[in-house]
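>>> here is my input; please provide its structure:
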Amino acid sequence: MLAGRASDRGRTRPHIVVLGGGFAGLNAAHALRRVDADVTLLDKNNYHTFQPLLYQVSTAYLPPEEVGSALRTIFRRQANLTVRVGELAEVSWAQRVLRCRDNSTIDFDYLILAAGAETNFFGVPGMREHAWPLYTLTDAVRLRRHLLSILERAARNVGPDGTGSGCRPIRVVVVGGGPTGVETAGALSSMAHEVVGPAARLGVTLVEAGPRLLSALSPRSSQRALIDLCHRRVDVRLNRSVKAADACGVTLSGGERIDTDTVIWAAGVQASGLSRALGLELNRRGQIVVDPQLRVPDHPGVFAAGDLAAIPDTPGGPPLPMLAPVAIQSGRHAGKQVARLIEGQPLQEFRYRDKGVMAVLGRGDAVAELPLSRRTTGRYPLQFGGFVAWLLWLVVHIAYLISFRNRLQVLIDWAWNYFTSRGTGAILFDGPDPPSCDVAADESAANASAPQPRDGSDPLRSQEPGTARIRPG
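Modelled structure (predicted):
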């Protein structure tokens, strides 16, 4: 324990502050449940977001409350923990005091920094102003309302005979071919039919700057994802980057233009901007530099975990990726490190256990790559896909990642909604918004960027399963 700190402030036991209610913060706080100390969990929201399922909220498969959990409910049985809602403004390292934006202060003896990450638009002109990010629950709810609005507006314009402007395809562009982009594109491919039936169609374009999708997985899994999205009539553009965005579309590398008022950004995140206001050493990605014990150098009793921390995979090597399993394991380790300090025990180095990677391609289909042992390095030897991979994804994401709720109940509720409901979250509380840019009003505008078939047929109508266009660049 840091000598004298608790007694100097009139406390009878040390005070630990955990900054952030994401996966790292929750696991750090949970690891402190048996420590003789007062724990404060500080977050700007009073809920935790289960981020792996945000894309299902945005595409109206699940309502928001299925992926958000109140922090006080999660920790209702942890007597030594208090939840405090507030946004950190600055830290006085000398006085060991946090100041929030409402000018309230919180003193600390030990501090765990786990504020997570935020969307990174990589400086693409117009993207921040015109794209729909998908990283927070607020992002997902806003995007869901927008998608439902354009679908209802299209359905309203369909005549009794099934004709009219509403039956024309609505172009949606998803930027980023990682797990979030692939999962979102797959869900969007069937969203229109499941929400409004045949009254509207979504034409989904997935843009990826690299040569293949799911670059963190093997080429075999990447190819499987590509083929699956083609069967779902997703227009995949590989080796293409987005150079600019505006209210009516995006411009790709090479000058190609895609007209749309719905650009979903799933191309990357960066460490929370809070890291740049703390006066700590950062790496080029804005992450806080930590030692192998997750300590912040030159700041006794201060640790960092999750996306906010530059956790080396090997001594001198690159930091671990910004993934939920890394946040969970590092957060738990940081909490245990503080417990060891208080109990007078030596600290331990953090060792990440890689349990594999998975991505959902659509209802009942996924790809998975798993290690066969803890010592497995490099590419995962066990690679498979299909329904079995999807079942494994479901069990892991629901039963493993949500650590503080009744796992069986969450699994039953989510599986029931997923198997038996169509558009469970498809409630639009107010009327459809007017179009910000009427890109779907003209058939040629809706497909301006797509090569027109020589026979003059609708490119989207001509795409039977298995024949969707792949643009390798």
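
>>> isn't residue 355 up against residue 325?
Yes: with contact defined as C-beta atoms under 8 Å, residue 355 counts as touching residue 325 (6.1 Å). C-betas here are computed from N, CA, C, even on glycine.

>>> comparing the two, which shows the higher neighbour count?
Counting neighbours by other C-beta atoms under 10 Å for residue 355 and for residue 325 shows that residue 325 has the greater number, 19 against 14.

>>> which helix or strand contains the more buried one?
helix 324-342 (DSSP states H and E).

>>> helices or strands next to that helix in the packing?
Where contact means 3 or more C-beta pairs under 8 Å, 6 or more residues apart in numbering; DSSP states H and E, helix 324-342 is packed against helix 23-31, strand 110-113, strand 302-304.

>>> please repeat the previous calculation with a cut-off of 10 Å.
Contact analysis of helix 324-342 by 3 or more C-beta pairs under 10 Å, 6 or more residues apart in numbering; DSSP states H and E lists strand 15-19, helix 23-31, strand 110-113, strand 302-304, strand 309-310 as its packing neighbours.

>>> got the angle for that helix vs strand 15-19?
Here the directions of helix 324-342 and strand 15-19 differ by 170 degrees (axes from the mean of the first three to the mean of the last three C-alpha atoms, to 10 degrees).

>>> pull helix 324-342 out as CSV, backbone CA atoms only.
What follows is helix 324-342, C-alpha atoms only, in CSV (Å, rounded to 0.1, in the frame of the first residue of the first chain):
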residue,chain,number,x,y,z
ALA,A,324,-12.2,-7.6,-26.2
PRO,A,325,-10.3,-10.6,-25.0
VAL,A,326,-7.1,-8.5,-24.5
ALA,A,327,-9.2,-5.9,-22.6
ILE,A,328,-10.8,-8.6,-20.4
GLN,A,329,-7.5,-10.3,-19.5
SER,A,330,-5.5,-7.2,-19.0
GLY,A,331,-8.2,-5.5,-16.9
ARG,A,332,-8.5,-8.5,-14.7
HIS,A,333,-4.7,-8.6,-14.3
ALA,A,334,-4.5,-4.9,-13.4
GLY,A,335,-7.1,-5.4,-10.7
LYS,A,336,-5.2,-8.3,-9.3
GLN,A,337,-2.0,-6.2,-9.4
VAL,A,338,-3.5,-3.6,-7.2
ALA,A,339,-4.7,-6.3,-4.8
ARG,A,340,-1.2,-7.6,-4.6
LEU,A,341,0.2,-4.2,-3.7
ILE,A,342,-2.3,-3.7,-0.9
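
>>> show me the protein divided up by domain.
Domain assignment for the chain by automatic domain parsing gives 5-44+86-119+269-342, 127-267+358-471.

>>> of those domains, which is nearest residue 64?
Proximity to residue 64 (C-beta to C-beta) singles out domain 127-267+358-471 among these, at 5.6 Å.

>>> phi, psi for residue 73 please.
phi -70, psi -40 (degrees, to the nearest 10).

>>> now the one 4 residues further on
Residue 77 adopts backbone torsions of phi -100, psi 0, taken as degrees, to the nearest 10.

>>> what pLDDT does it get?
Looking at residue 77, its pLDDT reads 92.

>>> quick one, phi psi at residue 278?
phi -100, psi -10.

>>> surely it is in contact with residue 289?
No: using C-beta atoms under 10 Å, residue 278 is not in contact with residue 289, being 11.6 Å away.

>>> higher neighbour count, these two?
residue 278 (21 against 16).

>>> for this structure, what spans make up the helices?
Using DSSP state H, the helices of the chain run over residues 5-8, 23-31, 54-58, 71-74, 127-130, 137-156, 179-196, 219-231, 324-342, 387-394, 407-420, 443-446.

>>> of the ones you listed, which is nearest residue 173?
Among the helices of the chain, helix 179-196 sits nearest to residue 173 (C-beta to C-beta), with 9.7 Å.

>>> buried set for the closest one?
Of all the residues in helix 179-196, those buried under the rule 16 or more other C-beta atoms under 10 Å are 179-192, 194-196.

>>> report the angle between that helix and helix 387-394.
Using the same axes, to 10 degrees: helix 179-196 against helix 387-394 is 100 degrees.

>>> beta partners for residue 244?
Beta-bridge pairing for residue 244 (DSSP bridges): residue 251.

>>> oh, and call the first residue 673 from now on, that's how I've got it
All right, first residue 673 from here; so that's residue 916.
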